[in-house]
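Student: Sequence and predicted structure, then a few things I'm wondering about:
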There are 2 protein chains.
Amino acid sequence: MKTLSTLCAICALGTALSAETIATGDLGLVIERATGSVLLVDQSERAALDRITGLGDLSHASLVYSSDERYAYVFGRDGGLTKVDIVDRKIAKRVVQAGNSIGGAISDDGTLVAVSNYEPGGVRIFDADTLDLVADIPTDSKTIGLVDAPGGRFVFTMWDTGETWIADMSSGQAEITKIANMGDRPYDALITGNGRTYITGLFGEDGLTALDLWADKPEPIRVLPNYGRGQEEMPVYKMPHLEGWAHTGGEFVLPAVGHHEVLWIDSDTLQETGRTKTYGQPVFAMARPDGRHVWVNFAHPKNDTIQVIDTVTKQVVHEFKPGPAVLHMEFTPRGHEVWLSVRDAGKVAVYDTQSFEKLREIEAESPSGIFFTARAHRTGL
Amino acid sequence: MKTLSTLCAICALGTALSAETIATGDLGLVIERATGSVLLVDQSERAALDRITGLGDLSHASLVYSSDERYAYVFGRDGGLTKVDIVDRKIAKRVVQAGNSIGGAISDDGTLVAVSNYEPGGVRIFDADTLDLVADIPTDSKTIGLVDAPGGRFVFTMWDTGETWIADMSSGQAEITKIANMGDRPYDALITGNGRTYITGLFGEDGLTALDLWADKPEPIRVLPNYGRGQEEMPVYKMPHLEGWAHTGGEFVLPAVGHHEVLWIDSDTLQETGRTKTYGQPVFAMARPDGRHVWVNFAHPKNDTIQVIDTVTKQVVHEFKPGPAVLHMEFTPRGHEVWLSVRDAGKVAVYDTQSFEKLREIEAESPSGIFFTARAHRTGL
């Protein structure tokens, strides 16, 4: 059957790529912001597998994964929502759903993808399979801090009006609960890993505002009234990323705003429990998955450096310079390695989190966000 | 090219199965204990995809997943270690590594699989790729409570001598730390999700023993001296499964031993914080991933019933009877659904965890343990 086997070989070519990525548990995507592309990477191989292009403006882009870890939904700054197939390594679908978007989330059952927008303000919710519009929720405000919550809910906050809305999609259409008085110009928010506590950072005043989503009627809870910009005025783009807040189990670690330190707060009482001086203005403070160490990167011009803080002693235990413009960090799901985007060196560097030894460098075009597929199984990521 | 396309169709048959399971993030395996088989299931489709047979004695079997979520390592009671390929839906490799094994674990970097044995006692560590023996650690004792811990470590405990050993494999060979005086006949153990606290249950005396694996020299810590069998003698097989302990964030929920209640303990102080009366002797108390609810099943003859407990009020909020012999529960990774093994009804039942509505029944041969692939990304599972 030489003829048949030859023909089979020809037929096989069409599926060769997908055959290489037949299991998706240890894959990831790296945002290449300058080129509007994403780099498909393999954690176990510490290697780049392929590049997918044509995603538009990816400055400040983020993404979420489908529950089967086959598709990534990439939220571009230009309002583009791109569904990337990491098995066939191509764009499965793309819609430009608004003029200017700021992030998104996927529902706990994986059926709905939500995007929050600056222009026009509001949230749009799409069918995760077809990207058809399912719900359009205008808010008359720039909308920030969009996260998923258990029970088919999305939570998001209004920059202009200081309201947080909870959209319950479990009935098939949006049932909205509005919470007022979250504070002056909320600029970002996070939800804890268990989906219980939603916390907004404020640009217009000091302090933060928390919501207990387990309460029958969630009420704003003021947190850290002394946390803020203080006397130093800063543009929004220098405010730290709240998604970067580390949760070490008993405590949160927050990048201070405009100061060279991180703040520790008790995750039950939301009271401050300590501060640690750092090398520069922290941007991300990310907990290793076991919570023993927190890795911190810094704002320009000190963004060539990483500090590692021990969460028991609250002391810096390691400091090193991966290279120019360390923009993002992503830990392997069980924390044995960490991947760093070193934008201006055009590379992603992989480190052992126990020995701090560099294991590999991977070429990338102006890499920023790194997203491993294990995020598919987490709330709020 | 009708001929070619026809031939291609023929060629395609050979790869059709794997093509259906090209992404592995929402798959799982159900142990079919009576037939020595595992049922491959799809969470999103709420369906069985295929059955893989020839795994030997699967009574009390458990399994772990490779980091890429392609392979499952199944630990059989007969000492068999079977590597199952869930993409090609077949046994990739099988070794009978001992006479009688009791469970296993996979290292945080995914390169090593460890098995703990009754006969002969001890732990054997295998290359996750080839299943070649990498390290043989005799212990002169039945060995129980084997778990993985961050830093390439395995932790396990000796029934006969009451010692816990930590095997650090990060150097490539086993460096053993021994902790004595863990108590009289430890019968099972768990490790917390962050890999910090290891807790053993004791058969020979009341109470539990904890270790802080973050300590430079971990020392045994006695917990709940009033927790145990009390006056009522019970055979080992009725002792509750410690892996079933729920961790709701601030508290653990423990099935009481021989009593109709669950115990709550503070996860920091390890002091008892409350008790909740239950319908029967609890076997598993499993927290929904968001920690708001704990689902409890019970020992024979009350094993037809499930109770759901609210972790804020510590009150039972729901009770129902899925059917005869509810052996195990597995939540979808973000907690919107739960799958239950109803052994004597020959089915797995899928429920909505918010509405408690039954969504689907799936035929299975005497199903017991259910394991979703998201476990690949968790410590101690």
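Tutor: Looks like it came in fine.

Student: for residue A:75, what are its contacts?
Tutor: Contact analysis of residue A:75 by Cβ atoms under 8 Å, 6 or more residues apart in numbering or on different chains lists A:61, A:62, A:63, A:81, A:101, A:102, A:103, A:104, A:115. From N, CA and C alone the C-beta is placed, and that goes for glycine too.

Student: tell me the two of the residues you listed that are most distant?
Tutor: Spatial extent of the contacts of residue A:75 (Cβ to Cβ) is set by the pair A:63 and A:102 at 13.3 Å.

Student: Using PDB, list the CA coordinates for stretch A:145-161.
Tutor: Extracted C-alpha coordinates of stretch A:145-161, given in PDB (Å, rounded to 0.1, in the frame of the first residue of the first chain):
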ATOM      1  CA  GLY A 145     -12.100  46.700  36.900                       C
ATOM      2  CA  LEU A 146     -14.200  44.100  35.100                       C
ATOM      3  CA  VAL A 147     -13.900  40.600  36.700                       C
ATOM      4  CA  ASP A 148     -15.800  37.300  36.700                       C
ATOM      5  CA  ALA A 149     -17.400  36.100  39.900                       C
ATOM      6  CA  PRO A 150     -18.900  32.700  40.800                       C
ATOM      7  CA  GLY A 151     -22.600  32.200  40.000                       C
ATOM      8  CA  GLY A 152     -22.300  33.400  36.400                       C
ATOM      9  CA  ARG A 153     -21.700  37.000  37.500                       C
ATOM     10  CA  PHE A 154     -19.500  39.800  36.200                       C
ATOM     11  CA  VAL A 155     -18.500  42.800  38.400                       C
ATOM     12  CA  PHE A 156     -17.200  46.200  37.100                       C
ATOM     13  CA  THR A 157     -16.900  49.800  38.200                       C
ATOM     14  CA  MET A 158     -17.500  53.200  36.800                       C
ATOM     15  CA  TRP A 159     -14.600  55.800  36.700                       C
ATOM     16  CA  ASP A 160     -17.000  58.800  36.300                       C
ATOM     17  CA  THR A 161     -19.800  57.900  38.800                       C
END
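
Student: Run through the helices of the stretch 151-300 of chain A in chain order.
Tutor: With helices called from DSSP state H, counting those that start in this stretch, the stretch 151-300 of chain A shows none.

Student: Could you say which helix or strand holds the closest residue to residue A:31 other than its chain neighbours?
Tutor: The shortest distance from residue A:31 to any non-neighbouring residue, by Cβ to Cβ, 6 or more residues apart in numbering or on different chains, is to residue A:369 (4.3 Å). Using DSSP states H and E, residue A:369 maps to strand A:367-372.

Student: Report all helices and strands that that strand contacts.
Tutor: Identification of packing neighbours for strand A:367-372 by 3 or more Cβ pairs under 8 Å, 6 or more residues apart in numbering or on different chains; DSSP states H and E yields strand A:27-32, strand A:62-65, strand A:326-331, strand A:337-342, strand A:347-352.

Student: And it, how far out from the chain middle?
Tutor: Strand A:367-372 sits 9 Å away from the centroid of its parent chain (Cα atoms, centre = their mean, to the nearest Å).

Student: With stretch A:207-221 instead?
Tutor: Stretch A:207-221 sits 22 Å away from the centroid of its parent chain (Cα atoms, centre = their mean).

Student: got the buried residues for that stretch?
Tutor: Buried residues in stretch A:207-221, counted by 16 or more other Cβ atoms under 10 Å in any protein chain shown: A:207, A:208, A:209, A:210, A:211, A:213, A:214, A:218, A:220.

Student: Stretch A:166-178 now?
Tutor: Using 16+ other Cβ under 10 Å as the test for burial, stretch A:166-178 gives A:166, A:167, A:169, A:170, A:174.

Student: Give me the subset of the residues you listed that also touch chain B.
Tutor: residue A:170 (Cβ under 8 Å from any Cβ of the partner chain).

Student: Please produce TSV containing the buried residues of stretch A:166-178, extended by distance to residue B:272 and pLDDT.
Tutor: What follows is the buried residues of stretch A:166-178, written out as TSV (distance: Cβ to Cβ, whole Å; pLDDT from 0 to 100):
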residue	distance to residue B:272	pLDDT
A:166	35	98
A:167	40	98
A:169	40	97
A:170	36	94
A:174	43	95
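
Student: Now do residue A:262 against residue A:285, distance only.
Tutor: Computed as Cβ to Cβ, to the nearest Å, the residue A:262 to residue A:285 distance reads 5 Å.

Student: anything in contact with each of the two?
Tutor: Here residue A:262 and residue A:285 share the contacting residues A:253, A:254, A:255, A:294, A:296, A:309, scored by Cβ under 8 Å, 6+ apart.

Student: now, among the residues you listed, which is nearest to chain B?
Tutor: residue A:294 (13.2 Å; Cβ to the nearest Cβ).

Student: what pairs with the closest one across the strands?
Tutor: On the basis of DSSP bridges, residue A:294 is bridged to residue A:287, residue A:309.

Student: State the number of residues packed around the residue nearest to residue A:31.
Tutor: Using other Cβ atoms under 10 Å in any protein chain shown, residue A:369 is surrounded by 21 other residues.

Student: Can you get me a residue count around residue A:320?
Tutor: By other Cβ under 10 Å, the residues close to residue A:320 number 12.

Student: excluding its backbone neighbours, what's nearest it?
Tutor: That would be residue A:306: by Cβ to Cβ, 6+ apart, it lies 5.9 Å from residue A:320.

Student: For the one you found, give me its contacts.
Tutor: A:295, A:296, A:297, A:319, A:320, A:321, A:322, A:326, A:329, A:340.

Student: Which among these count as buried?
Tutor: Taking 16+ other Cβ under 10 Å as the criterion, what is buried in the contacts of residue A:306 is A:295, A:296, A:297, A:322, A:326, A:329, A:340.

Student: got TSV for the residues you listed, with distance to residue A:281 and pLDDT too?
Tutor: TSV is the format used below for those (distance: Cβ to Cβ, whole Å; pLDDT from 0 to 100):
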residue	distance to residue A:281	pLDDT
A:295	15	96
A:296	10	96
A:297	10	95
A:322	17	98
A:326	13	97
A:329	16	96
A:340	18	98
